[in-house]
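Peer 1: pasting a predicted model and its sequence here:
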Amino acid sequence: MAKKKVARRKPAAKRPAPRRAAPRKTYEGSCHCGAIEFSYETALVPGRWGLRRCQCSFCRAHGATVTSDSSGQVRFSYVHPDRLRRYRHALRTADFLLCRECGVYVGAVLLTGAGAVAALNVNTLRELPRGLARARPVNYRGESAEERRTRRAAGWTPVFGPV
């Protein structure tokens, strides 16, 4: 007896599962005296923060380790606005936020046509998260002002609220 062929239906094409955004976590930071505060939201786990140690004399003098997330957000709060010192050096493309009272370098802000973006000194976080990767040394010497603005606009964290 011959087996009868049964027509099989092709399985339905599997649709990829919708991508869910990774949950964001908020990290709080400030200068030493608390005059300049910030909240940094990112979905990146600390081991993926892309820490940078700029080799310019300003960043080396401040012992800065910087991070940013172009998909995250940061909000600054100036508890004592009179203590905020904006400093521009080198190509004068960004405002470096310093506290007049305690001298701490909190981060840098760049104004773009699409809004403000910032990079943060992770040493000013109230608690350093576990699992941070080692910071890589970077040297931006030789960049033009426009190259520097473009790099920062693409990779720094959007600022919400007062700049």
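Peer 2: Looks like it came in fine.

Peer 1: separation between G115 and P46?
Peer 2: 26 Å (CB to CB, to the nearest Å). C-beta coordinates here come from the backbone N, C-alpha and C atoms, glycine included.

Peer 1: quick one: contacts for the one residue sitting closest to the centre of the chain?
Peer 2: The residue lying closest to the centre of the chain (CA atoms, centre = their mean) is S68, at 1.5 Å. Contacts for S68 (CB atoms under 8 Å, 6 or more residues apart in numbering) come out as 50, 117-120, 155-157.

Peer 1: now do 10 Å
Peer 2: Contacts of S68 were listed using CB atoms under 10 Å, 6 or more residues apart in numbering, and they are 40, 42, 49-50, 52, 74, 107-108, 117-120, 152, 155-158.

Peer 1: next one: F76
Peer 2: Counted by CB under 10 Å, 6+ apart, F76 has contacts 29-30, 36-39, 84, 97, 106-107, 109, 116, 118, 120, 159-163.

Peer 1: show me the beta-bridge partners of it.
Peer 2: F38 (DSSP bridges).

Peer 1: now do the same for it: its pLDDT.
Peer 2: Each residue has a pLDDT score; the one for F76 is 98.

Peer 1: how close does it get to N139?
Peer 2: Taken as CB to CB, the span from F76 to N139 is 27 Å.

Peer 1: do the same with S57
Peer 2: From S57 to N139 the distance is 12 Å (CB to CB).

Peer 1: now swap in D95 and tell me
Peer 2: 21 Å.

Peer 1: quick one, which of the two is more surrounded?
Peer 2: Set side by side, D95 and N139 show more neighbours around D95, with 19 against 10, by other CB atoms under 10 Å.

Peer 1: neighbours of Q55, just the number please.
Peer 2: 12.

Peer 1: my read: it touches A61, true?
Peer 2: No. Counting by CB atoms under 10 Å, Q55 does not reach A61; the two are 11.4 Å apart.

Peer 1: many thanks, have a good one.
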